[in-house]
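Chemist: quick one: sequence and predicted model below, then my questions.
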There are 2 protein chains.
Amino acid sequence: MSNLSSPRLIETPTAITQIGRLERVTLGERVHAELRELLMSGELAPGQRMSLRSIAETLGVSIMPVREAVARLVSDQSLEVLPNRAVRVPLMSRARFCELTAVRLAVEGFAAEEAARNRSDADLMAMQRFERAFLDQARSPDPQADQAVRANKELHFAVYRATGLPTLVGIIEGLWLKIGPVLNFDLKISPDRLRTGGAAEQHRRLVAAVEARDGASARKALTDDVKGAASFIESTGRLLN
Amino acid sequence: MSNLSSPRLIETPTAITQIGRLERVTLGERVHAELRELLMSGELAPGQRMSLRSIAETLGVSIMPVREAVARLVSDQSLEVLPNRAVRVPLMSRARFCELTAVRLAVEGFAAEEAARNRSDADLMAMQRFERAFLDQARSPDPQADQAVRANKELHFAVYRATGLPTLVGIIEGLWLKIGPVLNFDLKISPDRLRTGGAAEQHRRLVAAVEARDGASARKALTDDVKGAASFIESTGRLLN
DNA sequence: ACAATCTAACTGTGATCACAGATCGCGGCA
DNA sequence: TGCCGCGATCTGTGATCACAGTTAGATTGT
């Protein structure tokens, strides 16, 4: 604590100062991240009910951080609170699914195009790594659905992050948060889609287009991927209305 | 309270039952809407500091609903909480402004295109009404900045709502929430932009294109409008970095 | 008179209490 | 034996208390 001159911000640049930004991580933030992961990975099925107090007990915190996290998820409609005061992950009507898919095609298609233009070499290598991980599961005789879901998500977001537009990535995260329960929960139920579905092929085209900095082809590959997943979900007949 | 048969939902269809859905409106929701309106209309300048307790006292509620609303706004970066535990509306760097503008061009451009294709006659009439209101202020010798801001917002969102994609409208609201303080606060400071800027002309082109169901022209008019406002803001030199 | 230090007030965050409303199951009447 | 009605319990929401950390004002020492 040398205080030769002004005591403010004149500390020696030791290790402790170089840790840098220890970002503000509140308990509510942690709970929010936890629930978000569960939703995006399809761990929570549509219609699944939950209570603030049970979540709090499960995570070992008081209900205060939980209600903050849930309030945030409710506000962007990733969760919903019924008139009965019951919190659940929303059911998906066919109309809402189509709407979300339309928005995804526009937004994520734009992101793919932009990623092909702005990608760095590091971005490309990350995509290739996750594409390989997904392929391993798709070709495996005993595919692990959750591993495939994870690799698929990482691949897509590696592309989206390559745009250099974090705001856009945040928007897409919001979309995945809403559609994740339907998309990935069904994938876990019927893992044979990994082989039959053309996801692996679209991923290959996507990464190749990004590597060649071909925006139009990247958009086409990604929208084909999204459309393929969407038509599979619609064919399951699990959507309402 | 006649209970001839089952007491559940067998009430006579009087006025009280026809009020219908009184949607769940919590206090936190009200506070959130209030703060959102202040941000989007530029009532709160970038850098403006605020405290939960002062907001609570101003609005006449306890701090519980306020902290919920503020937490939601912080989570999508419409507000920020400094390491000092001070809540403020974020400052805008030039880089972040350019990023937000790029995303706006893509997302709102798509929305304009879609609106031109899907608009109803009622949608069109709403747009025309708000275009007229904006024009009245732009041509007025004594333009009211807040009225112009309001008309501009209503016109844009009349277009976005015409897409029939409420998810997309929500995304754009999020973008306006972040960029509103800069955009509209500067507009209020220098209201002569109403006359010099070409906003009125772009609005005319936009509404005409939507009326003609010309998607490409609608996108062009809207992106020109956004670009015009952006270049004006950049010219003020009020952005950081 | 000036500056350094210390204290008191204020900050967001987490925990606990309080409450209206809804749900479900058990007891009692027919 | 079957069904209605009431109460215990659980729900989210709001208020209040508690606390660590920061800030700014005032006071004191030089």
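Modeler: Structure's in. What do you need? Residues are numbered from 1 along each chain as shown, chains lettered A, B, ... in the order given.
Chemist: where do the helices sit along chain A?
Modeler: Assigned by DSSP state H, the helices in chain A fall at A:15-18, A:27-40, A:52-59, A:63-75, A:94-118, A:121-139, A:145-161, A:166-189, A:193-196, A:199-211, A:215-236.
Chemist: okay if I get the ones you listed as a markdown table plus mean pLDDT and mean neighbour count?
Modeler: For glycine as for every other residue, the C-beta is placed from the backbone atoms N, C-alpha and C. Shown next, in a markdown table, are the helices of chain A (pLDDT from 0 to 100; neighbours: other Cβ atoms under 10 Å in any protein chain shown):
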| stretch | mean pLDDT | mean neighbour count |
| --- | --- | --- |
| helix A:15-18 | 36 | 8 |
| helix A:27-40 | 94 | 18 |
| helix A:52-59 | 93 | 15 |
| helix A:63-75 | 95 | 21 |
| helix A:94-118 | 97 | 21 |
| helix A:121-139 | 93 | 17 |
| helix A:145-161 | 93 | 21 |
| helix A:166-189 | 91 | 21 |
| helix A:193-196 | 71 | 16 |
| helix A:199-211 | 94 | 20 |
| helix A:215-236 | 93 | 18 |
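Chemist: which one of those helices lies closest to DNA strand C?
Modeler: Nearest to DNA strand C among the helices of chain A is helix A:27-40 (3.0 Å), distances taken as Cβ to the nearest atom of the strand.
Chemist: got the angle for the closest one vs helix A:145-161?
Modeler: Interaxial angle of helix A:27-40 relative to helix A:145-161 (axes from the mean of the first three to the mean of the last three Cα atoms, to 10 degrees): 110 degrees.
Chemist: need the residues of chain A near DNA strand D, please.
Modeler: For chain A, the residues found near DNA strand D under the criterion Cβ under 7 Å from any atom of the strand are A:50-54, A:63, A:67, A:70-71, A:74, A:81, A:85-87.
Chemist: how about those in a markdown table, adding distance to chain B?
Modeler: Shown next, in a markdown table, are the residues of chain A next to DNA strand D (distance: Cβ to the nearest Cβ, whole Å):
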| residue | distance to chain B |
| --- | --- |
| A:50 | 17 |
| A:51 | 17 |
| A:52 | 13 |
| A:53 | 17 |
| A:54 | 20 |
| A:63 | 13 |
| A:67 | 8 |
| A:70 | 10 |
| A:71 | 5 |
| A:74 | 9 |
| A:81 | 7 |
| A:85 | 9 |
| A:86 | 12 |
| A:87 | 12 |
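Chemist: contacts with DNA strand C among those, please.
Modeler: A:63, A:85.
Chemist: my read: residue A:66 touches residue A:58, true?
Modeler: No. At 9.4 Å, residue A:66 does not count as touching residue A:58 under the criterion of Cβ atoms under 8 Å.
Chemist: touching chain B at all, stretch A:162-181?
Modeler: Yes. Contact of stretch A:162-181 with chain B (Cβ under 8 Å from any Cβ of the partner chain) involves A:164, A:165, A:166, A:167, A:168, A:170, A:171, A:174, A:175, A:178.
Chemist: would you confirm that the fourth one contacts residue B:97?
Modeler: No. At 11.0 Å, residue A:167 and residue B:97 do not qualify as touching, with contact defined as Cβ under 8 Å.
Chemist: so residue A:119 versus residue A:217, what's the distance?
Modeler: From residue A:119 across to residue A:217, the span is 13 Å (Cβ to Cβ, to the nearest Å).
Chemist: for stretch A:225-235, list the C-alpha coordinates in PDB.
Modeler: Only the C-alpha atoms of stretch A:225-235 are listed here, as PDB (Å, rounded to 0.1, in the frame of the first residue of the first chain):
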ATOM      1  CA  ASP A 225     -29.900 -26.200 -42.400                       C
ATOM      2  CA  VAL A 226     -32.500 -24.200 -40.600                       C
ATOM      3  CA  LYS A 227     -35.300 -25.200 -43.000                       C
ATOM      4  CA  GLY A 228     -34.300 -28.800 -42.700                       C
ATOM      5  CA  ALA A 229     -34.500 -28.800 -39.000                       C
ATOM      6  CA  ALA A 230     -37.800 -26.900 -39.200                       C
ATOM      7  CA  SER A 231     -39.500 -29.300 -41.600                       C
ATOM      8  CA  PHE A 232     -38.400 -32.200 -39.400                       C
ATOM      9  CA  ILE A 233     -40.000 -30.600 -36.300                       C
ATOM     10  CA  GLU A 234     -43.200 -29.900 -38.300                       C
ATOM     11  CA  SER A 235     -43.300 -33.500 -39.400                       C
END
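Chemist: give me the contact list for it.
Modeler: Contact with stretch A:225-235 is made by A:94, A:97, A:101, A:104-105, A:108-109, A:182-183, A:186, A:193, A:197-199, A:202-203, A:206, A:239, as judged by Cβ atoms under 8 Å, 6 or more residues apart in numbering or on different chains.
Chemist: distance from that stretch to the middle of the chain?
Modeler: Relative to the centre of its chain, stretch A:225-235 is centred 17 Å away, using Cα atoms, centre = their mean, to the nearest Å.
Chemist: ok, residue A:110 touching residue A:219?
Modeler: Yes. In this structure, residue A:110 is within contact of residue A:219 by Cβ under 8 Å, at 7.4 Å.
Chemist: got the contact list for the nearest residue to residue A:224 once chain neighbours are set aside?
Modeler: Spatially, and ignoring its direct neighbours in sequence, residue A:224 is nearest to residue A:202 (5.1 Å; Cβ to Cβ, 6 or more residues apart in numbering or on different chains). Residues near residue A:202 by Cβ under 8 Å, 6+ apart: A:221, A:222, A:224, A:225, A:228.
Chemist: now, among these, which is nearest to residue A:136?
Modeler: Lowest distance from residue A:136 to the contacts of residue A:202 (Cβ to Cβ) belongs to residue A:225, with 17.9 Å.
Chemist: outline the domain layout of chain A.
Modeler: Domain segmentation of chain A under automatic domain parsing yields A:27-88, A:94-236.
Chemist: residue B:133: which of these is closest?
Modeler: Once the domains of chain A are compared by Cβ to Cβ, domain A:94-236 is nearest, at 29.0 Å.
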